[in-house]
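K.L.:
Provided below are the primary sequence and the corresponding predicted coordinates.
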Amino acid sequence: MYLHSTKVDNTTRYPALDQMTDNSLHLWEDHSKSSSMLTLANGFLNDEQFSIIVLFMIYASQIINIFAIIANSFNIAVFVKLGFSEPSNISLTALAVCDFTLAVLYTWSNLCFWLTYHNVRLPFHGTNVSYLTGNAQFPFLSTTVAWITAFISFERCLCILVPLKVRRLITPRGTFLAMLIIILLTFCPSFFTYIRYKFVWEFNPYRNVTILNTVSVNSELAILFENISIVICGVIQPLLAFSIVLICTVLLVVQLRKISSWRMSVTSAKSQQVKPEENPAASSSAAETRISQKEERLVRMVVAIATIFIVSYIPTCIGLLCYVVFDEYNLFGVYRRFYIVSGYVITLGQPISGSLNILIYYKMASKFRIVFLRLVRLDRQEQERHELE
């Protein structure tokens, strides 16, 4: 299938996209490239293998996305119940909202592709419209998740490195403003996509109906905005946020080991002292130890969240580097099949990470666990016992 373009009213149309057979997975194929390169690129994945892999990834992604939507819905509900007096609740709520939105967009894009593949006659071009309403926002929203995770990790580092000053540095209002700034700088630039592309109603001669489609605006300003937003928000910012999360996680792990060693030495020394009620100073020290243990549990929870994020985000970093290094690694290039398959692998990482967070909160945060059990009505007996008391 050749990719022809025609200019109409300062826009570029791609009629070849509308000529796609409904069950075709060979979208936007460009045979103007060298035949030897195409043979090399397609030799590793023939038509049947490519179709099987993509469909399997779509089904797997859809199952994970549905679980991520349910899990993050509970996360948001629980954090709202807990309130936002603690700065950590604000940042964790923002993280849950972003993970929830990503899962919804993934589900929408997969559904459009699946319906198109199975010959469902949609009132819009499934591939093009789903790109503009879903896929185009993925890199920007994923970057938002990365920066929120970086902020959470950095906040915990401050709590350990400067515990006496962190209360003045990290406040609920400051955290809320930080979340707004992160969203404005990472996700909002995705709306530049609608300068480069726009929706149009056009007649489809192969279906003899008018459907919603998209066109590409062929202006230098629109292309410039798109390129700048992709480079800054789609490449530089994600890699920088990933680096911050990695550095902060390493620092947190090192500090946790030091705290654990210190606590063991303090506990050993206290075991040789008199009872707390006989020594007020010892009682006060024990209270401080309990507070330290509570802080340590929160730090461990953040380390677990950051570790899962790092593992799930490594494929994204590799994909971004390949996109920068290899000119033909894109949706219109010779290696488009590798780009599509690797793209589905990358998109599996984010919903998996967002799905596992609820397990971490439930296991490591006692307040979250209590509110969650009340929310799903699993602690009725315990509630009745407390009411009787």
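P.N.:
Perfect, I can see it now.
K.L.:
Please state the backbone phi and psi of F124?
P.N.:
phi -150, psi 160 (degrees, to the nearest 10).
K.L.:
Return the distance of it relative to A103.
P.N.:
Separation of F124 from A103 (Cβ to Cβ, to the nearest Å): 22 Å. Every C-beta, even on glycine, is put in place using the N, C-alpha and C of the backbone.
K.L.:
Can you tell me how far L348 is from S342?
P.N.:
11 Å.
K.L.:
what do you get for V302?
P.N.:
Distance from V302 to S342, by Cβ to Cβ: 29 Å.
K.L.:
okay, these two: which has more neighbours?
P.N.:
Each of V302 and S342 has its neighbours counted (other Cβ atoms under 10 Å); V302 has more, 26 against 18.
K.L.:
all helices of the stretch 251-389 of the chain, in order?
P.N.:
Secondary structure of the stretch 251-389 of the chain by DSSP state H, counting those that start in this stretch: the helices cover 280-325, 336-364, 366-375, 380-388.
K.L.:
likewise the stretch 51-200 of the chain?
P.N.:
87-117, 126-133, 138-161, 166-169, 172-186, 193-196.
K.L.:
Figure out which of these is closest to I53.
P.N.:
helix 87-117 (13.4 Å; Cβ to Cβ).
K.L.:
circling back to that earlier point, now the helices of the stretch 51-200 of the chain as a markdown table including distance to I314?
P.N.:
Shown next, in a markdown table, are these (distance: least, Cβ to Cβ, whole Å):
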| stretch | distance to I314 |
| --- | --- |
| helix 87-117 | 17 |
| helix 126-133 | 25 |
| helix 138-161 | 12 |
| helix 166-169 | 30 |
| helix 172-186 | 19 |
| helix 193-196 | 26 |
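K.L.:
quick one: which of these is nearest I360?
P.N.:
Nearest of the helices of the stretch 51-200 of the chain to I360, taken as Cβ to Cβ: helix 87-117 at 10.4 Å.
K.L.:
and the closest one with helix 138-161, angle?
P.N.:
Helix 87-117 and helix 138-161 are oriented at 160 degrees to each other (axes from the mean of the first three to the mean of the last three Cα atoms, to 10 degrees).
K.L.:
average pLDDT across helix 87-117?
P.N.:
For helix 87-117, mean pLDDT rounds to 91.
K.L.:
Tell me which other helices or strands that helix touches.
P.N.:
helix 47-82, helix 126-133, helix 138-161, helix 172-186, helix 336-364 (3 or more Cβ pairs under 8 Å, 6 or more residues apart in numbering; DSSP states H and E).
K.L.:
Return the helix or strand in this structure with minimum mean pLDDT.
P.N.:
Lowest by mean pLDDT, DSSP states H and E among the helices and strands of the chain is helix 15-18, with a mean of 35.
K.L.:
Give me the residue ranges of this structure where confidence is low.
P.N.:
1-45, 262-263, 266-294, 330-332, 378-389 (pLDDT under 70).
K.L.:
one step back: in JSON lines, list the helices of the stretch 251-389 of the chain along with distance to N119.
P.N.:
JSON lines is the format used below for the helices of the stretch 251-389 of the chain (distance: least, Cβ to Cβ, whole Å):
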{"stretch": "helix 280-325", "distance to N119": "31"}
{"stretch": "helix 336-364", "distance to N119": "20"}
{"stretch": "helix 366-375", "distance to N119": "42"}
{"stretch": "helix 380-388", "distance to N119": "49"}
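K.L.:
Quick one: closest of the ones you listed to W147.
P.N.:
Closest among these, using Cβ to Cβ: helix 280-325, at 11.2 Å.
K.L.:
So V253 sits against V303, correct?
P.N.:
Yes: with contact defined as Cβ atoms under 8 Å, V253 counts as touching V303 (6.2 Å).
K.L.:
deepest of the helices of the stretch 251-389 of the chain, which one?
P.N.:
helix 336-364 (a mean of 20; mean count of other Cβ atoms under 10 Å).
K.L.:
report the angle between the axes of that helix and helix 366-375?
P.N.:
Using the same axes, to 10 degrees: helix 336-364 against helix 366-375 is 90 degrees.
K.L.:
So which elements touch helix 336-364?
P.N.:
helix 35-43, helix 47-82, helix 87-117, helix 138-161, helix 280-325, helix 366-375.
K.L.:
roughly how far is that helix from the heart of the chain?
P.N.:
Put simply, helix 336-364 sits 8 Å off its chain's centre (Cα atoms, centre = their mean, to the nearest Å).
K.L.:
now swap in stretch 252-264 and tell me
P.N.:
For stretch 252-264 - counting by Cα atoms, centre = their mean - the centre lies 30 Å from the chain centre.
K.L.:
ok so, going back, go through the helices of the stretch 251-389 of the chain and name the closest to L132.
P.N.:
Closest among the helices of the stretch 251-389 of the chain, using Cβ to Cβ: helix 336-364, at 16.3 Å.
K.L.:
hang on, the earlier thing: save the helices and strands packed on helix 87-117 as TSV, and put in distance to L224 too.
P.N.:
As requested, those are exported to TSV (distance: least, Cβ to Cβ, whole Å):
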stretch	distance to L224
helix 47-82	32
helix 126-133	19
helix 138-161	17
helix 172-186	19
helix 336-364	23
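K.L.:
Quickly compare these and say which is most buried.
P.N.:
helix 138-161 (a mean of 23).
K.L.:
quick one on the thing from earlier: relative to R156, tell me which of the helices of the stretch 251-389 of the chain wins on proximity.
P.N.:
helix 280-325 (4.4 Å).
K.L.:
Surely G126 touches C112?
P.N.:
Yes: at 4.4 Å, G126 and C112 qualify as touching, with contact defined as Cβ under 8 Å.
K.L.:
on that earlier part again, output the helices and strands packed on helix 336-364 in TSV; the columns should cover distance to L359.
P.N.:
Output for those, formatted as TSV (distance: least, Cβ to Cβ, whole Å):
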stretch	distance to L359
helix 35-43	40
helix 47-82	8
helix 87-117	13
helix 138-161	16
helix 280-325	9
helix 366-375	11
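K.L.:
between those helices, which gets nearest to A222?
P.N.:
helix 138-161 (16.9 Å).
K.L.:
Hey, what's the angle from the closest one to helix 172-186? Just curious.
P.N.:
Using the same axes, to 10 degrees: helix 138-161 against helix 172-186 is 150 degrees.
K.L.:
Alright, calling it a day.
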